[in-house]
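Undergrad: Have a look at this fold, sequence not included:
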């Protein structure tokens, strides 16, 4: 999903709560957004993405975004962070406020619990994700579910404050989140 959406992004991107800024294959998320005008990261508690590299900004998702980040980015990207934040509603509002156009959010729908020390609180359903986007004034353009039968099933949401900008971009949903609701395994 990231590889599908990233080529359409030419503006400013932020990876919110980027941690090590890497996917499971060791590729940096920054690499996906090669046509972006800029790419920044945020973190919390220490502000390091790993590998000793400091984050560009420190952001506590359970508080409003710092004024300097409100409306700063064309795309707010967040991968598997929301399940670790108890106040998921405030976290979503914070991220949405940082976007002047779009968001790409990926959350686990079916995944083992990490344990209390990791602050693992949520597995948002497609219904919850749609409502979070709607309540933040975003229109979901694309929703997708990871492959059926996978050990972990993620769901992803690409949404926008400017739906007319994305008409005809070829990013429309294929209905796989409806299928996950009928048969999650």
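TA: Arrived safely. Bear in mind that the values here come from a model prediction, so they are computed numbers and not experimental data.

Undergrad: Only C-alpha atoms from now on, for both contacts and neighbour counts.
TA: Noted.

Undergrad: how about low-confidence regions in this protein?
TA: Of all residues in the chain, those with pLDDT under 70 make up the ranges 46-53, 110-112, 114-118, 174-185.

Undergrad: which of the residues in stretch 132-148 are buried?
TA: Residues of stretch 132-148 classed as buried: 132-133, 136-146 (neighbour count, 16 or more other Cα atoms under 10 Å).

Undergrad: And those, which is closest to residue 87?
TA: Nearest to residue 87 among the buried residues of stretch 132-148, counting by Cα to Cα, is residue 132 at 12.2 Å.

Undergrad: Does anything pack onto the helix or strand where the closest one lies? Which helices or strands?
TA: Element membership for residue 132 (DSSP states H and E) is helix 126-135. Contact here means 3 or more Cα pairs under 8 Å, 6 or more residues apart in numbering; DSSP states H and E; on that basis helix 126-135 packs against strand 139-145, strand 153-160.

Undergrad: Show me the one of the ones you listed that comes nearest residue 173.
TA: Across the helices and strands packed on helix 126-135, residue 173 has its closest neighbour in strand 139-145 (4.3 Å, Cα to Cα).

Undergrad: Please name the strands paired to the closest one in the sheet, noting orientation.
TA: The partner list of strand 139-145 in its sheet, established with DSSP bridges, is strand 153-160 (antiparallel).

Undergrad: Would you mark the buried spots in the partner strand?
TA: Residues 153, 154, 155, 156, 157, 158, 159, 160 are the ones in strand 153-160 that count as buried (16+ other Cα under 10 Å).

Undergrad: Look up how far residue 139 lies from the first one.
TA: Looking back up the chat, that one is residue 153. Counting by Cα to Cα, to the nearest Å, the gap from residue 153 to residue 139 is 23 Å.

Undergrad: now the helices for the protein?
TA: With DSSP state H as the criterion, the chain has helices at 2-5, 29-32, 88-98, 126-135, 163-166, 176-182.

Undergrad: Return the most buried member of the ones you listed.
TA: Stretch with highest mean neighbour count among these: helix 88-98 (a mean of 21; mean count of other Cα atoms under 10 Å).

Undergrad: ok, and what's touching that one?
TA: 16, 61-65, 69-73, 76, 82, 85, 103, 132, 136 (Cα atoms under 8 Å, 6 or more residues apart in numbering).

Undergrad: What's the ChimeraX line that selects buried ones from those residues?
TA: Only the buried members of the contacts of helix 88-98 enter the following ChimeraX selection, criterion being 16+ other Cα under 10 Å:
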select :16,61,62,64,65,69,70,71,72,73,76,82,85,103,132,136
